[in-house]
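Undergrad: coords please:
(2 chains)
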Amino acid sequence: MKLINESTILRRMKPRLIKNLVFKCLFMAATIFALLVLGILLYRVITQGIGYLDWQFMQGLPSRNPEQAGVKTALIGTVWLMAVVAPVTLFFGVGTAIYLEEYAKKGKFTTFIQVNISNLAGVPSIVFGLLGLTVFVRALSLGTSVIAAGLTMSLLVLPIIIVSSQEAIRAVPKELREASYGMGATKWQTILRVVMPAAIPGILTGGILALSRAIGETAPLVVLGLPLFLAFLPQSVFDMFTVLPMQIYNWTGRPQEEFHAVAAAGIIVLLTLLIIMNSVAVYIRNKFQKRY
Amino acid sequence: MKKRFKYVATSLMVGSVLAFTAACGASDEGTGNGNGSQSNGSATESANEENKQLQGEINIDGSSTVYPIMEAVVEEFGMEQPGVKVSVASSGTGGGFKQFIAGTTDISNASREIKDEEKAQLEEAGIDYTELKLANDGLSIVVNKENDWVDHLTVEELKEIWVDSGETKKWSDIRPEWPDEEIKFYSPGTDSGTYDYFNEVILEDSPIVEQATLSEDDNILVQGVAGDKNAIGFFGFAYYVENKDKLKVVPVDGGSGAVEPTHDTVESGEYAPLSRPLYIYVKNESLKNEETYEFVKFVMENAGVLSEDVGYVKLKDEDYEEGLKTIEGLK
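TA: The predicted model follows:
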């Protein structure tokens, strides 16, 4: 006597297996499509821009002659901007998230703040530009300085980092905290030694997203009135500066075909900077994930 | 274990900050080098030239149409006077005037004349200014390469085509012998000085056709017109010149015969009414500073050649001489 009726099982399994295959193919197609588009984009940018990408391009100032145009001031300006945005967003973003998750009493007020933060994440970047223009550039008369633009950009990306840090903190198992309290630790000790180490991979992911957005934004900086042509580099955070995305935007808008290739070279530089920045964060994150 | 956690947590929090501080340091170094070579350059130059080496700051903002000319001028000026820190922004004619009114810029670039309300605001802010012409641009009306019916358009016809009438427009509505096909419109965005000028001479404050595709990026307009047989569009002369092989330019009849925009017809003003001058507005107070005066003088002396270099059309020589005279009186 057979215990298993193979034909029945096969009959029942077949539709499920097909279903499985269909979804596997569907999701694979979605991934391939995304990769393909990215591939085409990278291919186009690289083939177009590689001819202009040389030491002279890294050292040069903007010029009417595409051969001589360069990104020195813009590249260093972007690094300066990130030097302001990264610490400011990490400090205020993570700080707000810790307060909201760990200290604040859940009530109408915190819900109100919560809703507002989520809404701010969807506000068009140009609105932050106008805010920055009124508050930092005009009212605090910081001008079109690194600090004014950096604070504007920080406001723009803060919601992203707050929301992702909150998620990361919330995902830390309650048992860990309770164990810590049980050992007699204070709230701050628990946050510093138990919650933060467990939450940091998630926080860093939010940080990567936030900084990647800040490095590529153009609109708010155009509103602030940041210059495009500068023959000098900023000496402090109160000096004027210019950034890569603005140069790229300007070059793509030029009538001459050659400048579009120069823009592509600028995009390669921006992408490289972004990859370097993110790989540092990913490295730190992975190193930590293994330990925990 | 606890200690390790603490170590990792703090190092992570501070790590990214440190990474960027390091980047900061690197750029500081870069700045130092830059300065070094700059002062070297000026030292040798001042030895060779009797020109005095000036110091100071000049802030320029305004039209993105004028930006390429200014970029060229500043690039050349920087070789003569590396000590003067000139910055050029490009937030549009309107945006530039806002900064000018706020008093943050010394020179405002404009692709149209200053508006009355802007004049009033400047007066209120107590800012005296001088208007100088910089170069010419011929607003070019273009159609698709395959469009074989349009030979020229009069100003009235342009108005008929571009002003919104509430219904879809066909080429046959303009002249009966033209094909019975819907016209596709491509226009610069309403914030641009180019649109303002078109509005002034053609639309005369009537609304533009609702179906028009508006874009701040003129290259998108070029692509739009090049890709659609029934399209019509307008933009600056440089964009037509660079894309001559893809587009067909329409001669415009402003009352004295159809004229095609060419270098010569724009320079002479024969291509009317769509030839437009590009301007700079200089704060009189800033002209009292030697570096700004020298800069504006340099602009007037070199704008002709340099504007041609970047695709615009120079003014007549006497216009530049007149500009030089004007600023001399304000020194």
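Undergrad: any stretches of the stretch 101-250 of chain A with poor pLDDT?
TA: Of all residues in the stretch 101-250 of chain A, none has pLDDT under 70.
Undergrad: can you give me the strands in it?
TA: Remark: strands assigned in the stretch 101-250 of chain A by DSSP state E, counting those that start in this stretch are A:227-230.
Undergrad: contact residues of it facing chain B?
TA: Within the stretch 101-250 of chain A, the positions near chain B by C-beta under 8 Å from any C-beta of the partner chain are A:138, A:143-144, A:192-194, A:196-197, A:200, A:204, A:207, A:222-223, A:225-235, A:240, A:250. Where C-beta positions appear, they are placed from N, C-alpha and C, glycine not excepted.
Undergrad: for PyMOL, what selects the buried ones among those?
TA: The PyMOL selection below is limited to those of these classed as buried (16 or more other C-beta atoms under 10 Å in any protein chain shown):
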select buried, chain A and resi 143+144+192+193+194+196+197+200+204+207+222+223+225+226+227+228+229+230+231+232+233+234+240+250
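Undergrad: in helices, which of the residues of the stretch 101-250 of chain A next to chain B appear?
TA: A:196-197, A:200, A:204, A:207, A:222-223, A:250 (DSSP state H).
Undergrad: could you identify the most distant pair in those?
TA: A:197 and A:250 (44.4 Å; C-beta to C-beta).
Undergrad: surely residue B:205 forms part of a strand?
TA: No - read with DSSP: H, G, I helix; E, B strand; the rest coil, residue B:205 is coil and lies in no strand.
Undergrad: wait, it sits on residue B:196?
TA: No - taking C-beta atoms under 8 Å as the definition, residue B:205 is not a contact partner of residue B:196, at 10.7 Å.
Undergrad: of the two, who's got more company?
TA: The residue with more neighbours, out of residue B:205 and residue B:196, is residue B:196; 20 against 7, by other C-beta atoms under 10 Å in any protein chain shown.
Undergrad: give me the distance between the more buried one and chain A.
TA: For residue B:196, the distance to chain A equals 18 Å [C-beta to the nearest C-beta, to the nearest Å].
Undergrad: for that residue, list the residues it contacts.
TA: Shown in contact with residue B:196 (C-beta atoms under 8 Å, 6 or more residues apart in numbering or on different chains): B:93, B:111-112.
Undergrad: how about stretch B:88-101: buried residues?
TA: Buried residues in stretch B:88-101, counted by 16+ other C-beta under 10 Å: B:88-101.
Undergrad: using a markdown table, lay out those residues together with distance to residue B:166, secondary structure and pLDDT.
TA: Converted to a markdown table, those look like this (distance: C-beta to C-beta, whole Å; DSSP: H, G, I helix; E, B strand; the rest coil; pLDDT from 0 to 100):
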| residue | distance to residue B:166 | secondary structure | pLDDT |
| --- | --- | --- | --- |
| B:88 | 42 | strand | 92 |
| B:89 | 39 | strand | 90 |
| B:90 | 36 | coil | 86 |
| B:91 | 34 | coil | 82 |
| B:92 | 30 | coil | 83 |
| B:93 | 30 | helix | 87 |
| B:94 | 28 | helix | 86 |
| B:95 | 32 | helix | 86 |
| B:96 | 35 | helix | 90 |
| B:97 | 33 | helix | 92 |
| B:98 | 34 | helix | 89 |
| B:99 | 38 | helix | 88 |
| B:100 | 38 | helix | 93 |
| B:101 | 37 | helix | 93 |
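Undergrad: can you tell me the element residue B:214 falls in?
TA: strand B:213-215 (DSSP states H and E).
Undergrad: flag every buried residue along the next helix or strand after that strand.
TA: Helices and strands here follow DSSP H and E; after strand B:213-215, the next one along the chain is helix B:218-226. In terms of neighbour count (16+ other C-beta under 10 Å), helix B:218-226 has its buried residues at B:218-222, B:224-226.
Undergrad: counting contacts, what elements does the following helix or strand past helix B:218-226 pack onto?
TA: Later in the chain than helix B:218-226, the nearest helix or strand by DSSP H and E is strand B:231-235. For strand B:231-235, the elements it packs on are strand B:140-144, strand B:184-188, helix B:193-198, helix B:218-226, judged by 3 or more C-beta pairs under 8 Å, 6 or more residues apart in numbering or on different chains; DSSP states H and E.
Undergrad: pairing partners for strand B:231-235, with directions?
TA: The pairing partners recorded for strand B:231-235 under DSSP bridges are strand B:140-144 (antiparallel), strand B:184-188 (parallel).
Undergrad: any idea how far chain A is from residue B:104?
TA: Per C-beta to the nearest C-beta, residue B:104 is found 7 Å from chain A.
Undergrad: show me where the stretch 201-331 of chain B has helices.
TA: B:218-226, B:237-242, B:263-268, B:284-287, B:290-309, B:317-328 (DSSP state H, counting those that start in this stretch).
Undergrad: out of these, which is closest to chain A?
TA: Closest approach to chain A among these is made by helix B:237-242 (4.0 Å; C-beta to the nearest C-beta).
Undergrad: got the contact list for that closest one?
TA: So helix B:237-242 is contacted by A:255-257, B:68, B:137-140, B:142, B:218-219, B:221-222, B:247, B:249, B:261, B:266, B:310-313 (C-beta under 8 Å, 6+ apart).
Undergrad: whichever of those residues end up buried, select them in ChimeraX.
TA: Applied in ChimeraX, the following selects the buried portion of the contacts of helix B:237-242 according to 16+ other C-beta under 10 Å:
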select /A:255,256 /B:68,137,138,139,140,142,218,219,221,222,247,249,261,266,310,311,312,313
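Undergrad: how about the strands paired with strand B:231-235 in CSV, adding distance to residue A:17 and mean pLDDT?
TA: Formatted as CSV, the strands paired with strand B:231-235 follow (distance: least, C-beta to C-beta, whole Å; pLDDT from 0 to 100):
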stretch, distance to residue A:17, mean pLDDT
strand B:140-144, 54, 93
strand B:184-188, 52, 92
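Undergrad: ok, the residue nearest to residue B:183 when sequence neighbours are not counted - contacts?
TA: Of all residues not flanking residue B:183 in the chain, residue B:169 sits nearest, at 5.0 Å (C-beta to C-beta, 6 or more residues apart in numbering or on different chains). When contacts are counted by C-beta under 8 Å, 6+ apart, residue B:169 touches B:161, B:182-183, B:209, B:211.
Undergrad: same deal with residue B:269?
TA: Residues near residue B:269 by C-beta under 8 Å, 6+ apart: residue B:275.
Undergrad: just the ones in helices among the residues of the stretch 101-250 of chain A next to chain B now: which is nearest residue B:61?
TA: Using C-beta to C-beta, those come closest to residue B:61 at residue A:222, 10.8 Å.
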